[in-house]
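**Student:** Have a look at this fold, sequence not included:
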Ligand code: NOJ
């Protein structure tokens, strides 16, 4: 008995130990990052909010404007907000500017006079700047701030001022003086209000004064030795335990300026849904954060971090930050952009307005938000919509739109940590070809370098990088190599020598080069806030300097939050110093953007006379990063939950202005089973950025390694992506033009359909009408697709017409080999149907047009094409067509009034030969059944083209094929079906 039970108990003990280790592991990772109560300024502001709520109507917000001091001229309102800081009525002055822009946005900026005048003392002999950080706009804002001199005062008095602005003066800002608040209206109805609940809090500068040691320590204090000697002169009752030096996880932040947070509450009236503020792994429609059923108990956090193995359905911070929040209700969308680069927390609560008993209908929900940043200006932009498209456009105008991509970069990317040698790369390339699996880019992770020294190659494993690049180039393929911002601190490495000699590294609080730990061991970080650092960074990428790279080598920027393994919360100490003596605290969330930007600039200038669109992927980002490249969602896991989480995360990127986004297909950590991997490729085929990636410990999983039928399934998903490249590229162009998302959530496309607002697992691709609901669960063979309107919908593959189902779901068969994809009637979209190995090889292939006939018998769609590589499109070197099915005609016209005299370069000349091959008309009326030919008129000639009509049956919907059309893609043409 004894002998038989012993092994079992030890086995159980081992299991328990493993279990606790595992749970400890996960918990420890989460605990590596602060909760609000561990972040002094967040706790203080939440406590402040609680106090206001407890006091209810007796709460007196201490911020007022002196009317005599306020002025409005030429679109700018200036005043001073006085903050009362004690019962004796002492105040501090906070200069306020409200600017009204031609673009229809309004900007509200609050500064601190004493800091503007540098009239403060820094503790610990710090060399940091004395002002509040006022350069976030330098990195984030590119336009849309021309002041609207037509903005006018509609009322002004002792209590406040009302200013009308925006299109047809339909917007109004109602600035109240005591207490200070601003209400924004559109067409007379209130949309949102700043300081509605009186939670505004700008922690002004104050000196820290020593007090007898006995009086110091407050409850919950985690202070340094030094701090125990001091205390402050603030009014009694104030808890100053987190004002000064603050510690977390064994690191102490010296906070030379003491407490300096900025916080503001913003209420969205009548808005039940808020979206945005990426990056978080949670639903698109943001949750409440103050506890209760279905709510988080922590605020959403924005503090770019290397969150290894992130948890799902969480407000925890991730790698990037875009502090743009949109509020949405039927018929209206408004938004706020909080321009602050410091650590930020956002609380969200929703309150139902009590129903007036005489008022029929639904109780109105208001969404209340509370924005809390550690330092910097209080600086925000207000957008009054009224549509989600208006917000995307205005935000694009402000922070820039997504760059026109290298066309190859919307193909498939094959990555892993790591392809171990140049031979390995060549072999993967050959195998992809052998199995006829299309791909465009193969990636090299950190192991290609010599000892993680960027700009070098491991000499044993990568003996001949040029021949590797040449093999790829033979089929139009590319290589992406990783270059991170940490530079190995070692001897005989010219890059570190130059970094140090030129003073281009981020500095520690003493002003010496900051040294920390990352992949290479001891490292220093290039400070890309410094223009000289950008200049130097550019020099490193010249082909003759970064030997082994060539025209088809592109870049991957990782770890740019920045990730510092031995730093507080795996990043830099906040009291580190950047160019201009700004503390890291002030600029943290922009740091990743500056590095990505430097790489973009470097790629633009690799060789004199070579001007090509850069491709650079980033992990960390801020508003504006969309101008310089693509992003991915970091280190996810090979499980179904992470596959599911990827869709709302990517949708959120799209509505937040950074739509060139994807997630590691297959999952970074772990080994996906074949079903998961296949479903992930099916979903990934609809990510704007489509890359398979795996951790160094994960088994090899290139698509050709999959057993059948999975290999075929994945290959089909890839082919589907490749055939639709013209439509994807057109969607990218639209995003580039007007800031629109590339994959679009239902609320964005159907802002008036309330059933759409909470949906975040299906989406439309650009303006194609292609509606996708990827299968995200194991073993699932059907999907319920929500239908937001009364248009007709067809199955993408079978052309079957679906029953009308506005506001309901349709169940679509989705066995493992198929993806639930529908086509919304009324659209025409372009494809290229000849299977090829890479996007570049498809460049001059003929097109297929797919027409999904709308319920009114009409359809419309677009094609945008250019050389996919240079900036010649800016000089008219492109083709932009609109296709229309109207009555009995299909017509192709030039889309815009561009100069016809645009100089024809090589690309346009080659496109002369490119034609429409066939037109597939899905939902073709049965009256065409006997039609055999149609008339084509183009470039002054008439011809007859064959039409074949296919009747629908139980497996297939009715359709017609016109082919071979032969009209040139760049020419006007008309097909008469009469
Ligand atoms: C972390 C990145 O998120 C991951 O994609 C990469 O493989 C590793 N760093 C190694 O570079």
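**Tutor:** Nice, I can see it. Computed from a predicted structure; not experimentally measured. Numbering: from 1, shown residues only.
**Student:** Hmm, residue 255 and residue 246 touching each other?
**Tutor:** Yes - using C-beta atoms under 8 Å, residue 246 is in contact with residue 255, at 6.2 Å. (C-beta placed from N, C-alpha, C; glycine too.)
**Student:** Mind checking which of the two has more residues around it?
**Tutor:** Higher neighbour count among residue 246 and residue 255: residue 255, with 27 against 24, using other C-beta atoms under 10 Å.
**Student:** part of a helix, is residue 907?
**Tutor:** Yes - applying DSSP: H, G, I helix; E, B strand; the rest coil, one finds residue 907 inside a helix.
**Student:** Neighbours of it, how many?
**Tutor:** Around residue 907 there are 20 residues (other C-beta under 10 Å).
**Student:** these two touch, right, it and residue 873?
**Tutor:** No - applying C-beta under 8 Å, one finds residue 907 not in contact with residue 873, separated by 9.1 Å.
**Student:** what does the stretch 501-650 of the chain put close to the ligand?
**Tutor:** 558, 619, 634-635 (C-beta under 6 Å from any ligand atom).
**Student:** contacting residues around residue 399?
**Tutor:** 140-142, 337, 623-624, 626-627, 657 (C-beta atoms under 8 Å, 6 or more residues apart in numbering).
**Student:** all strands for the stretch 51-200 of the chain, in order.
**Tutor:** Taking DSSP state E, counting those that start in this stretch, the strands of the stretch 51-200 of the chain run over residues 63-65, 71-73, 76-84, 91-100, 106-110, 152-156, 160-165, 171-177, 180-186, 189-194.
**Student:** Kindly reformat those as TSV containing mean pLDDT.
**Tutor:** Shown next, in TSV, are the strands of the stretch 51-200 of the chain (pLDDT from 0 to 100):
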stretch	mean pLDDT
strand 63-65	98
strand 71-73	98
strand 76-84	98
strand 91-100	98
strand 106-110	98
strand 152-156	97
strand 160-165	98
strand 171-177	98
strand 180-186	98
strand 189-194	98
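**Student:** want to try a markdown table for these, with mean neighbour count and distance to residue 763 as columns?
**Tutor:** Listed next are those as a markdown table, based on neighbours: other C-beta atoms under 10 Å; distance: least, C-beta to C-beta, whole Å:
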| stretch | mean neighbour count | distance to residue 763 |
| --- | --- | --- |
| strand 63-65 | 21 | 42 |
| strand 71-73 | 13 | 43 |
| strand 76-84 | 20 | 40 |
| strand 91-100 | 20 | 35 |
| strand 106-110 | 22 | 31 |
| strand 152-156 | 13 | 41 |
| strand 160-165 | 21 | 34 |
| strand 171-177 | 21 | 30 |
| strand 180-186 | 21 | 28 |
| strand 189-194 | 20 | 26 |
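**Student:** quick one, which of these is nearest to residue 934?
**Tutor:** Comparison of the strands of the stretch 51-200 of the chain against residue 934 by C-beta to C-beta identifies strand 180-186 as nearest, at 48.5 Å.
**Student:** Sheet-wise, list the partners of that closest one with their directions.
**Tutor:** If you go by DSSP bridges, strand 180-186 pairs up with strand 171-177 (antiparallel), strand 189-194 (antiparallel).
**Student:** what residues does that strand touch?
**Tutor:** 61, 63-65, 81, 96, 98, 106, 108, 166, 170-176, 190-196, 198, 200, 332, 334, 382, 384-386.
**Student:** so which of the residues you listed are also by the ligand?
**Tutor:** Okay, of these, nothing touches the ligand (C-beta under 6 Å from any ligand atom).
**Student:** host element of residue 592?
**Tutor:** If you go by DSSP states H and E, residue 592 is part of helix 584-604.
**Student:** next SSE after that helix?
**Tutor:** strand 616-618.
**Student:** any low-confidence regions in the chain?
**Tutor:** Under the criterion pLDDT under 70, the flagged ranges of the chain are 1-28, 212-237, 354-361, 897-903.
**Student:** From the ligand, how far off is the closest residue to residue 352 other than its chain neighbours?
**Tutor:** In this structure, residue 352 finds its nearest non-sequential neighbour in residue 363, 4.6 Å apart by C-beta to C-beta, 6 or more residues apart in numbering. Residue 363 is 45 Å from the ligand, where distance means C-beta to the nearest ligand atom, to the nearest Å.
**Student:** swap in residue 36?
**Tutor:** Distance from residue 36 to the ligand, by C-beta to the nearest ligand atom: 26 Å.
**Student:** if you skip the residues just before and after it, what's nearest to that residue?
**Tutor:** residue 42 (4.1 Å).
**Student:** The one you found reaches residue 373, doesn't it?
**Tutor:** No - taking contacts as C-beta under 8 Å, residue 42 lies outside contact range of residue 373: 9.6 Å.
**Student:** which residues are common contacts for these two?
**Tutor:** Overlap of the contact sets of residue 42 and residue 373 (by C-beta under 8 Å, 6+ apart) consists of residue 345.
**Student:** Between these two, point out the one with more neighbours.
**Tutor:** Taking neighbours as other C-beta under 10 Å, residue 42 and residue 373 compare with residue 373 leading, 30 against 26.
**Student:** picking up where we left off before, the residue nearest to residue 352: neighbour count?
**Tutor:** Other residues close to residue 363 by other C-beta under 10 Å number 11.
**Student:** roughly how far apart are it and residue 293?
**Tutor:** 18 Å (C-beta to C-beta, to the nearest Å).
**Student:** go on, residue 814?
**Tutor:** Distance, residue 814 to residue 293, by C-beta to C-beta: 32 Å.
**Student:** Just the element for the residue nearest the centre of the chain, please.
**Tutor:** The centroid of the chain falls nearest to residue 653 when counting by C-alpha atoms, centre = their mean (3.2 Å). Residue 653 belongs to helix 640-655 when elements are defined using DSSP H and E.
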